[in-house]
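> Structure for the following, please:
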Amino acid sequence: MNIYSQLINLGASDISNAEERKVRVINKFNLLCLGFGVGLAIINASSGLWYQAFANFVGIALINIPVFLFNYQRRYELAKWIFSIGLISLVMAVSIANAINHRSTSTEILILAFGSFVIIVFEGKGKNVLFLICALSIYIIEYYKDLYLWDGGFTASYFFSLLNYSIALIAVYFFSQIFKSELDRAVSKVEQLNSDLEHSRMVLYSLIDDTPMFLAMMDADGKYVMVNKKFENAFDMPRSQMIGKHYKEVLSAELVSFHEPLINRSFGGEYLDFYEERITTPGIYDHSYGKYFPVFDDNGQVRYIIVFVTDISDLKKAENKLQDLNRAKDKMFSVLAHDIISPINLLKNAISLNEQQDELGPVDLNIFLSRTKEQLLTLTHMMENLLRWGKSQFHGWKSTPEMLSVSKIVSDLLEVYGDHSRSKNLEVKCQLSDSKELFADKGHLELVLRNLMVNAFKFSESGSIVEIFEKEAPNELEIHIVDQGVGLSEDLIDIISKGGVVESEMGTAGESGTGLGLQLCFEVVKVEGWKLTAVGGSKKGAHFVLSIPYQTK
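Numbering: from 1, shown residues only. Sure, this is the predicted structure:
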């Protein structure tokens with residue numbers, strides 16, 4: 001590698017582009033010479049040495065400005081040669097001018113010093129050519145000094161000066177070469193160390209970037225010294241910008257409020273576990289578990305702390321799902337133990353009474369059997385809901401749509417549950433068109449309509465009216481079921497529409513239930529892409545609207 005490039009790497013390691021680093025270093029030298037030239041021009045002008053001042057400004061125009069220009073155009077080699085040749089020529093011109101004007105100066109020392117710069121910066125033949133030019137320039141300057149100052153020329157004094165300068169030039173050349181060789185070795189060692197360090201960094205980051213957790217390391221000032229890719233992505237900040245920043249500059253106010261006490265305690269030497277939930281920062285987590293580890297130095301002082309955070313949102317969801325299934329199991333057993341056992345006991349008693357017809361009159365027996373039939377119908381309805389609900393909890397909802405007549409389904413349901421409405425002397429007004437068909441899953445549509453109708457019968461007052469009718473809406477059919485019963489409170493409507501669980505309530509004639517009916521309706525509607533809205537108020541009756549889009553096969 002060119003020693004010039006190596007010097008640049010050492011002096012400006014923060015710049016990524018090698019050519020840009022060259023530009024900056026040359027420009028710094030050039031700027032230094034420009035400042036020196038301007039200062040010298042001012043001093044000469046102030047002393048009345050206008051010729052020298054003019055020469056200084058000419059040197060600036062012919063050397064400094066072109067160097068800046070060529071560097072800007074990325075013609076670095078040309079800029080370097082112009083700078084070197086121009087500087088040697090300028091010093092030689094000023095020195096000869098001083099000698100002609102009988103002023104004794106030692107400006108040739110600048111060329112001698114510049115020779116050392118040439119050895120270090122230039123390579124190959126160019127280095128030797130420039131160094132030879134430096135030597136010849138010094139010899140010429142000494143000749144003119146001897147000629148005009150001492151009226152000599154080629155005198156013994158002149159040759160003695162040449163000998164001294166030759167020894168000095170040889171010393172500069174060889175010492176500069178030795179320095180350059182040592183510098184080469186130092187640079188090679190630094191490059192090897194940098195290469196090893198970069199390799200270690202690559203290995204480290206490849207390991208921590210592949211971990212499925214947020215990982216970061218802070219120093220004693222609370223500034224990040226290492227973060228992994230997941231941590232970087234979570235806060236939408238490049239790792240290069242995050243490292244060196246204080247954690248308060250990266251974390252949100254909410255996260256700082258939670259973690260700052262933990263960070264302070266960890267810097268006190270504690271190993272800490274923490275659980276965190278409901279963080280509002282986008283892209284991070286809803287539930288997390290993490291640890292803080294202090295890192296001690298040889299004196300037992302905490303130098304760094306490491307924090308890792310694991311997203312346990314999926315585990316929390318699984319836990320909530322298990323809890324829901326456990327509640328489902330408990331509710332299933334509760335329904336089996338309470339609401340279903342009563343109709344079964346009633347059926348058992350009816351069978352026993354039927355075996356003892358002589359002890360029960362025909363009228364009483366018919367009344368009892370009618371009551372038993374109602375209870376069995378209720379039992380069938382509850383079992384259907386319970387089985388559907390249990391299946392959905394474990395296997396989800398599966399839809400098999402087909403073309404269906406809403407009027408036919410409602411008619412069949414009224415036939416099955418007609419005794420329920422007749423026992424309360426309800427007037428059921430059904431206004432559905434036989435020609436209207438929908439593409440839907442039959443079981444799902446029956447489940448929703450059955451529950452809405454049974455609810456209307458259950459909570460209607462005796463002798464009231466239940467209406468079932470349809471309305472056309474843009475690209476969908478609305479099925480309305482309206483009763484004049486106890487109605488629904490706004491709070492209850494809100495809970496049901498959000499899929500919440502409600503406790504079963506007794507009907508106006510003491511009918512029992514599971515509390516699953518409306519919950520199932522809203523679950524099915526959500527799966528099918530339908531819409532179910534409830535309008536009601538205490539003592540005003542309930543009004544449900546089932547909206548189903550028209551679809552084709």
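
> Strands of the protein, residue ranges please.
Under the criterion DSSP state E, strands of the chain are mapped to 214-219, 224-227, 272-277, 287-296, 302-311, 401-405, 427-431, 437-441, 465-473, 476-482, 531-536, 542-549.

> What strands line up against the third one, and which way round?
In the sheet containing strand 272-277, the strands it pairs with under DSSP bridges are strand 287-296 (antiparallel).

> The first one now?
Strand 214-219 has its sheet partners listed here by DSSP bridges as strand 224-227 (antiparallel), strand 302-311 (antiparallel).

> Please convert those strands to JSON lines, extending it with distance to residue 262 and mean neighbour count.
To be clear about C-beta, it is placed using only N, CA and C from the backbone, and glycine gets the same treatment. Formatted as JSON lines, those follow (distance: least, Cβ to Cβ, whole Å; neighbours: other Cβ atoms under 10 Å):
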{"stretch": "strand 224-227", "distance to residue 262": "16", "mean neighbour count": "19"}
{"stretch": "strand 302-311", "distance to residue 262": "8", "mean neighbour count": "19"}
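
> Any chance of TSV for the ones you listed, columns mean pLDDT and distance to residue 182?
Putting these into TSV (pLDDT from 0 to 100; distance: least, Cβ to Cβ, whole Å) gives the following:
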stretch	mean pLDDT	distance to residue 182
strand 224-227	88	33
strand 302-311	87	35
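
> Turn these into TSV, columns for distance to residue 111.
Formatted as TSV, the strands paired with strand 214-219 follow (distance: least, Cβ to Cβ, whole Å):
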stretch	distance to residue 111
strand 224-227	49
strand 302-311	52
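
> Tell me the pLDDT of the closest residue to residue 476 other than its chain neighbours.
Using Cβ to Cβ, 6 or more residues apart in numbering and skipping the chain neighbours, the partner closest in space to residue 476 is residue 549 (4.6 Å). With respect to pLDDT, residue 549 has a value of 90.

> now residue 389
If you check residue 389, the pLDDT there is 57.

> Also the one 4 residues further on?
The per-residue pLDDT reported for residue 393 equals 53.

> where's the residue nearest to the spatial centre of the chain relative to residue 204, distance?
Per Cα atoms, centre = their mean, the C-alpha nearest to the average position across the chain is that of residue 234, at 3.3 Å. Applying Cβ to Cβ, to the nearest Å, the value for residue 234 to residue 204 is 19 Å.

> what do you get for residue 57?
56 Å.

> still on that earlier bit, among the strands paired with strand 214-219, which is nearest residue 463?
Closest of the strands paired with strand 214-219 to residue 463 is strand 302-311, at 59.9 Å (criterion: Cβ to Cβ).

> CA atoms only for the closest one - export them in PDB, please.
Provided in PDB are the C-alpha atoms of strand 302-311 (Å, rounded to 0.1, in the frame of the first residue of the first chain):
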ATOM      1  CA  VAL A 302     -19.300  -1.800  37.500                       C
ATOM      2  CA  ARG A 303     -18.000  -0.700  34.100                       C
ATOM      3  CA  TYR A 304     -20.900  -1.800  31.900                       C
ATOM      4  CA  ILE A 305     -24.400  -3.300  32.200                       C
ATOM      5  CA  ILE A 306     -26.000  -5.600  29.700                       C
ATOM      6  CA  VAL A 307     -29.700  -5.800  29.200                       C
ATOM      7  CA  PHE A 308     -31.700  -8.300  27.200                       C
ATOM      8  CA  VAL A 309     -35.400  -8.300  26.600                       C
ATOM      9  CA  THR A 310     -37.500 -11.200  25.300                       C
ATOM     10  CA  ASP A 311     -40.800 -10.700  23.700                       C
END
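
> Residues touching that strand, excluding its own?
Applying Cβ atoms under 8 Å, 6 or more residues apart in numbering, the contact partners of strand 302-311 are 211-220, 225, 259, 263, 266-269, 276, 284-285, 287-297.

> and what of stretch 219-235?
The contact list for stretch 219-235 (Cβ under 8 Å, 6+ apart) reads 204-205, 208-209, 211-218, 238-239, 242-248, 250-251, 263, 267, 281, 283-284, 302-304.

> buried subset of those residues?
Neighbour-count burial (16 or more other Cβ atoms under 10 Å) is assigned, among the contacts of stretch 219-235, to 208, 213-218, 239, 242, 247, 250-251, 263, 267, 284, 302, 304.

> Tell me which helix or strand in the chain has the weakest average pLDDT.
Least confident helix or strand, the chain: helix 3-11 with a mean of 37, by mean pLDDT, DSSP states H and E.

> who are the neighbours in contact with residue 204?
residue 226.

> And the one 4 residues further on, by the same measure?
When the contact criterion is Cβ under 8 Å, 6+ apart, the partners of residue 208 are 215, 226, 228, 229.

> Report the beta-bridge partners for residue 294.
residue 305.

> residue contacts, it?
Contact partners of residue 294, counting by Cβ under 8 Å, 6+ apart, are 266, 267, 268, 269, 270, 271, 302, 304, 305.

> Redo the residues you listed as TSV? Include distance to residue 146.
Shown next, in TSV, are the contacts of residue 294 (distance: Cβ to Cβ, whole Å):
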residue	distance to residue 146
266	78
267	74
268	78
269	78
270	82
271	82
302	72
304	69
305	74
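
> ok, now how distant is residue 401 from residue 223?
61 Å.

> now residue 241: how far from residue 308?
In terms of Cβ to Cβ, residue 241 sits 21 Å off from residue 308.

> actually residue 58, sorry about that
For residue 58, the distance to residue 308 (Cβ to Cβ) stands at 67 Å.

> what does residue 252 give?
On the measure of Cβ to Cβ, residue 252 and residue 308 end up 19 Å apart.

> Restricted to helices, list the contacts of stretch 219-235.
204, 205, 208, 209, 239, 242, 247, 248, 250, 263, 267 (DSSP state H).

> Just list the residues touching residue 449, thanks.
406, 409, 410, 413, 479, 481, 546.

> What is the nearest of those to residue 446?
Of these, the one sitting nearest to residue 446 (Cβ to Cβ) turns out to be residue 409, at 5.8 Å.

> Model confidence score at that closest one, please.
pLDDT at residue 409 comes out at 85.

> buried ones in stretch 180-190?
Neighbour-count burial for stretch 180-190 [16+ other Cβ under 10 Å]: 180, 183, 187.

> just to revisit the earlier point, show me which of the contacts of residue 449 is closest to residue 111.
Among the contacts of residue 449, residue 546 lies closest to residue 111 (Cβ to Cβ), at 100.6 Å.

> Please name the bridge partners of the closest one.
Beta-bridge partners, per DSSP bridges, of residue 546: residue 479, residue 532.

> Flag the shaky bits of this structure, pLDDT-wise.
Low-confidence regions of the chain, defined by pLDDT under 70, span residues 1-26, 29, 52, 150-154, 278-285, 324-325, 327-398, 496-516, 536-539, 552-553.

> redo that, cut-off 50
1-18, 338, 514 (pLDDT under 50).

> quick one, helices of the stretch 301-450 of the chain?
313-337, 341-354, 362-395, 406-416, 418-423, 442-459 (DSSP state H, counting those that start in this stretch).

> Which elements pack onto the fifth one?
Right, the one you point to is helix 418-423. Counting contacts by 3 or more Cβ pairs under 8 Å, 6 or more residues apart in numbering; DSSP states H and E, helix 418-423 packs against helix 362-395, helix 442-459.

> if we go to 7 Å?
Judged by 3 or more Cβ pairs under 7 Å, 6 or more residues apart in numbering; DSSP states H and E, helix 418-423 is in contact with helix 362-395.

> contacts for stretch 264-277?
220, 258, 262, 286-294, 302, 305 (Cβ atoms under 7 Å, 6 or more residues apart in numbering).
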